[in-house]
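Engineer: Fold the following and give me the result.
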Amino acid sequence: MPLNQDLVGKIYPSITYEVGREKLREFAAAVGETSPVYHDVEAAKELGYSDHVAPPTFATVLHILSGPAVLSDPELRLDYSRVVHGEQEFEYRRPITAGDVLTATPRIADISSRGPLEFLRIETTIADEAGEVVVVARATLISRGMAGGS
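Structural biologist: Coordinates of the predicted model:
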């Protein structure tokens with residue numbers, strides 16, 4: 001059964017995440033980021049940041065943590081065993097730094113199809129405690145073979 005087009009625009013429950021220094025160090029190490037700005041508070045402060053800076057792809061953490069609400073929505077009719085990751089992008093308004101308390105709110109931005117493939121675009125808005133948008137994370141998931149109802 002194809003994805004439910006009526007859910008385009010649906011907003012899902014938010015999650016809150018406190019960005020810790022150690023989590024940033026671990027993430028930087030995991031992605032091979034060696035710049036001192038990601039590992040050393042003083043190096044980050046010398047460049048004008050308030051604390052450790054998150055590597056650019058760190059927003060993936062919040063995107064993934066908020067995603068199960070979308071992916072497990074029975075109304076969506078997504079068979080996750082048929083899904084491959086198609087695309088990821090980040091639109092930054094400011095860097096993420098240690099100490100940020102962020103709220104990630106996912107929504108279904110688009111559902112489209114081409115042949116037997118369906119494209120599910122999830123957009124997660126990540127805002128700080130003041131409600132200012134820090135980053136918008138977008139992912140496109142490809143559902144294989146469902147558009148034709150097979």
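Engineer: all contacts plus neighbour counts: C-alpha atoms, from now on.
Structural biologist: Fine.
Engineer: Please enumerate the helices of this protein.
Structural biologist: Assigned by DSSP state H, the chain shows helices spanning 21-30, 41-46, 59-66, 68-71.
Engineer: most packed of the ones you listed?
Structural biologist: helix 59-66 (a mean of 18; mean count of other C-alpha atoms under 10 Å).
Engineer: and the spatially closest residue to I111 that is not a sequence neighbour, what are its bridge partners?
Structural biologist: For I111, ignoring the flanking residues on the chain, the nearest one in space by C-alpha to C-alpha, 6 or more residues apart in numbering is L120 at 4.7 Å. Following DSSP bridges, L120 is listed with bridge partners I111, L141.
Engineer: quick one: the residue nearest the centre of the chain and P106, what's the gap?
Structural biologist: When the chain is reduced to its mean C-alpha position, the closest residue under C-alpha atoms, centre = their mean turns out to be H63, at 2.3 Å. H63 sits 8 Å away from P106 when distances are taken as C-alpha to C-alpha, to the nearest Å.
Engineer: Identify the contacts common to these two.
Structural biologist: In the contact map built from C-alpha atoms under 8 Å, 6 or more residues apart in numbering, the residues linked to both H63 and P106 are T124.
Engineer: follow-up on the earlier one: could you export the helices of the chain as JSON lines, including mean pLDDT and distance to P13?
Structural biologist: Putting the helices of the chain into JSON lines (pLDDT from 0 to 100; distance: least, C-alpha to C-alpha, whole Å) gives the following:
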{"stretch": "helix 21-30", "mean pLDDT": "95", "distance to P13": "23"}
{"stretch": "helix 41-46", "mean pLDDT": "94", "distance to P13": "33"}
{"stretch": "helix 59-66", "mean pLDDT": "95", "distance to P13": "8"}
{"stretch": "helix 68-71", "mean pLDDT": "96", "distance to P13": "7"}
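Engineer: Let's have the ones you listed in a markdown table, adding distance to A98.
Structural biologist: Compiled in a markdown table, those are given as follows (distance: least, C-alpha to C-alpha, whole Å):
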| stretch | distance to A98 |
| --- | --- |
| helix 21-30 | 5 |
| helix 41-46 | 9 |
| helix 59-66 | 13 |
| helix 68-71 | 25 |
